[in-house]
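1. Following is a predicted model, sequence given first.
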Amino acid sequence: MESKQKLTPRVVASVIAAGIMSFSGVVVESSMNVTFPTLMGEFGISTAVVQWITTGYLLVLSIIIPTSSYLRRRFTMRTLFIVGASCFLAGTLAAALAPAFPVLLAGRLVQGVGTGVALPLMFNIILEQVPRKSMGLMIGIANFITSTAPAIGPSLGGFLVSVLSWRAVFWVLVPLVAASFALGAACIRQSTTSGRPSLDVCGLIMLAVGFASFIFAANSASSAGWASPSVLGLFVVAAAAIALFCRHSLATPGALLNVRVLRDPVFALSVAGILLVQFCTLGLAFLIPNYAQLSLGIDAFTAGCLLVPGCIAGALQAPLSGIVYDRFGAGLSIIGGCVVTLASTILFFAFAPTLTGPLIVLFFVLYSLGKGANLPGNMTNGLAHLPIEHNPDGNAIVNTVQQLAGAIGTVFVSTIVASAQAIDPAHMANATAAGTQQAFLLVVVFAAAEAVCAALIFGAFKNRTRSVR
């Protein structure tokens, strides 16, 4: 088809429309974290209850995203977009007008349905309708759209809460989502025929149980401890449910997700690299503001702003790395990005005892530049290596992995910091600094493991790697 032969304005507009939906989902998620104290006071709820604003949202995403492969085969892209945008808009309005916390939570869950549809849809449009020679650029642009949201969210949330109210976080999204709805409804078209496949209900239940148990265990681990019987029990249930799903998928034609794609070593290593870089990113996103406030005495708003230059740099880097990918292949963007991310995490660890605000900004900008190169590079290379008919399954797995990393990324580092603080609670600043340095070491290990994955892709499996040039 023509849409596959050249990059048309309609295809670009379709990606932007779905991207705005994904952007809005990430913005409201990161903005709401700042509003928790206000919500607790207004609704008279505890920290454990208000946390469901994030936990429930992630849970819905982790269940909806794995169904994206089935949804793409069953419905047209335009139908999926309209349903997703309608859900997000309805959830946004419900949350903005919520008279009580249960209504606010329900609105967030409905928003999760919309984001869960829009996020994989954006990448499916790219995989099906963008020519291979422009694949790196468009996936880079998609990552640019979603990567700017973490930079805007905390600052936007803090500003709106201080000037207006937490409800303004939702109201400012209404015109943006409405514009996205109009653009997507006008431009999104189908490039493949849809059918009437049956939904793998058994597989969906297994995944829902596995992911729900995993998210609950991760959220409980920071307070109850990793060795808590309830946490260990939930992890066992999660592992058993996901193992049963994998066995079910291998034995069932038309399973919810075709896990056979993970047998391809390049795709599997790419997914591992994406998971590890997300661990690093979310770990640093927790450690930096926490350290800045408790050890350096910086106020909350300024501490959050320390991340903004890096987020902007990483977002701008993503489409540039896509151009490099399209022109020179996968190796330069992925290997180069891994080297920069590893070097920056080592700098965080080495300078942890003497970190200052400017040093934090500099090191995080370096890290974000590396991430802006290797994350979209890994995504493009891994998906491009799969047969086209398996791209929807690969896309669903990649996006699901990113959401699961989001659910547990801060748990590892926050547990380390909390343990150090418990040892010397009378000297919170020093204890936080010591715990943060230990957590930086774990981030270095994650970054090194990501570099190993990249080295294997372009070493042991070099001859299996395709170029999309």
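-> Received, thanks.

2. ok, residue 113 - contacts?
-> Taking CB atoms under 8 Å, 6 or more residues apart in numbering, we find residue 113 in contact with 60, 64, 84, 87, 88, 91. Glycine gets a C-beta too; all of them are placed from N, C-alpha and C.

3. What are the buried residues along the host helix or strand of residue 92?
-> According to DSSP states H and E, residue 92 maps onto helix 77-96. By neighbour count on 16 or more other CB atoms under 10 Å, the buried set for helix 77-96 is 77-78, 80-89, 91-96.

4. now it, how far from the chain's geometric center?
-> 20 Å (CA atoms, centre = their mean, to the nearest Å).

5. after it comes which helix or strand?
-> Moving toward the C-terminus from helix 77-96, the first helix or strand encountered (DSSP H and E) is helix 101-129.

6. before we move on, back to that, I'd like the average pLDDT over the helix holding residue 92.
-> This predicted structure assigns helix 77-96 an average pLDDT of 90.

7. What is it packed up against?
-> In this structure, helix 77-96 makes packing contacts with helix 9-43, helix 101-129, helix 168-171, helix 173-187, judged by 3 or more CB pairs under 8 Å, 6 or more residues apart in numbering; DSSP states H and E.

8. mind listing what the residue nearest the centre of the chain touches?
-> Nearest to the mean C-alpha position of the chain, by CA atoms, centre = their mean, lies residue 402 at 4.4 Å. The contact partners of residue 402, by CB under 8 Å, 6+ apart, come to 274, 275, 278.

9. which SSE is it in?
-> In this structure, residue 402 sits in helix 391-423 according to DSSP H and E.

10. on that earlier part again, tell me the angle the helix holding residue 92 makes with helix 173-187.
-> Helix 77-96 and helix 173-187 are oriented at 170 degrees to each other (axes from the mean of the first three to the mean of the last three CA atoms, to 10 degrees).

11. Compute the inter-axis angle for helix 77-96 and helix 101-129.
-> Using the same axes, to 10 degrees, helix 77-96 lies at 160 degrees relative to helix 101-129.

12. Using PDB, write out every CA atom in helix 77-96.
-> Extracted as PDB, the C-alpha positions of helix 77-96 are listed here (Å, rounded to 0.1, in the frame of the first residue of the first chain):
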ATOM      1  CA  MET A  77      -7.400   1.300  14.400                       C
ATOM      2  CA  ARG A  78      -9.800   4.200  14.000                       C
ATOM      3  CA  THR A  79     -12.400   2.400  16.200                       C
ATOM      4  CA  LEU A  80      -9.800   1.600  18.800                       C
ATOM      5  CA  PHE A  81      -8.600   5.200  18.900                       C
ATOM      6  CA  ILE A  82     -12.100   6.600  19.200                       C
ATOM      7  CA  VAL A  83     -12.900   4.200  22.100                       C
ATOM      8  CA  GLY A  84      -9.600   4.900  23.800                       C
ATOM      9  CA  ALA A  85      -9.900   8.700  23.400                       C
ATOM     10  CA  SER A  86     -13.500   8.600  24.700                       C
ATOM     11  CA  CYS A  87     -12.600   6.600  27.700                       C
ATOM     12  CA  PHE A  88      -9.700   9.000  28.500                       C
ATOM     13  CA  LEU A  89     -11.900  12.000  28.100                       C
ATOM     14  CA  ALA A  90     -14.700  10.600  30.200                       C
ATOM     15  CA  GLY A  91     -12.200   9.600  32.900                       C
ATOM     16  CA  THR A  92     -10.600  13.000  32.900                       C
ATOM     17  CA  LEU A  93     -14.000  14.800  33.300                       C
ATOM     18  CA  ALA A  94     -15.100  12.400  36.100                       C
ATOM     19  CA  ALA A  95     -11.900  13.000  38.000                       C
ATOM     20  CA  ALA A  96     -12.100  16.700  37.600                       C
END
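
13. ok and that helix relative to helix 9-43, angle-wise?
-> Interaxial angle, helix 77-96 versus helix 9-43 (the same axes, to 10 degrees): 20 degrees.

14. Quick check, residue 91 in contact with residue 110.
-> Yes - in this structure residue 91 lies within contact range of residue 110 using CB atoms under 8 Å: 3.3 Å.

15. Return every residue with contacts to both of the two.
-> By CB under 8 Å, 6+ apart, residue 91 and residue 110 have no common neighbours.

16. Can you tell me the element residue 204 falls in?
-> Since the elements are taken from DSSP H and E, residue 204 ends up inside helix 201-224.

17. Nearest spatial neighbour of residue 208, chain-adjacent residues omitted?
-> Spatially, and ignoring its direct neighbours in sequence, residue 208 is nearest to residue 63 (5.0 Å; CB to CB, 6 or more residues apart in numbering).

18. Filter the contacts of residue 402 down to the ones in strands?
-> Under the assignment DSSP state E, the contacts of residue 402 contribute nothing to strands.

19. So residue 257, which state does it fall into?
-> Remark: residue 257 carries the secondary structure label coil [criterion: DSSP: H, G, I helix; E, B strand; the rest coil].

20. That one - how many residues pack around it?
-> Burial measure for residue 257: 26 neighbouring residues, criterion other CB atoms under 10 Å.

21. Check the gap between it and residue 203 for me.
-> When distances are taken as CB to CB, to the nearest Å, residue 257 and residue 203 turn out to be 7 Å apart.

22. Flag every buried residue along the one helix or strand residue 369 maps to.
-> Element membership for residue 369 (DSSP H and E) is helix 357-385. By 16+ other CB under 10 Å, the buried positions in helix 357-385 come out as 360-385.

23. who's in contact with the closest residue to residue 352 other than its chain neighbours?
-> On the basis of CB to CB, 6+ apart, the spatially nearest residue to residue 352 that is not a chain neighbour turns out to be residue 437, at 3.6 Å. If a contact means CB under 8 Å, 6+ apart, then residue 437 has 349, 352, 353 as its contacts.

24. average model confidence for the helix or strand encompassing residue 437?
-> Of the helices and strands defined by DSSP H and E, residue 437 is found in helix 428-457. Computed over helix 428-457, the mean pLDDT rounds to 88.

25. what's the spacing between that helix and its chain's center?
-> Relative to the mean C-alpha coordinate of its chain, helix 428-457 is positioned 19 Å out (CA atoms, centre = their mean).

26. separation between residue 265 and residue 177?
-> Here the distance between residue 265 and residue 177 works out to 40 Å (CB to CB).

27. Looking at those two, which has the bigger crowd around it?
-> With neighbours defined as other CB under 10 Å, residue 265 and residue 177 compare such that residue 177 has more, 24 against 15.

28. per-residue pLDDT, the more buried one?
-> 89.

29. I'd say it and residue 20 touch.
-> Yes - shown here, residue 177 and residue 20 form a contact pair, counting by CB under 8 Å, at 7.4 Å.
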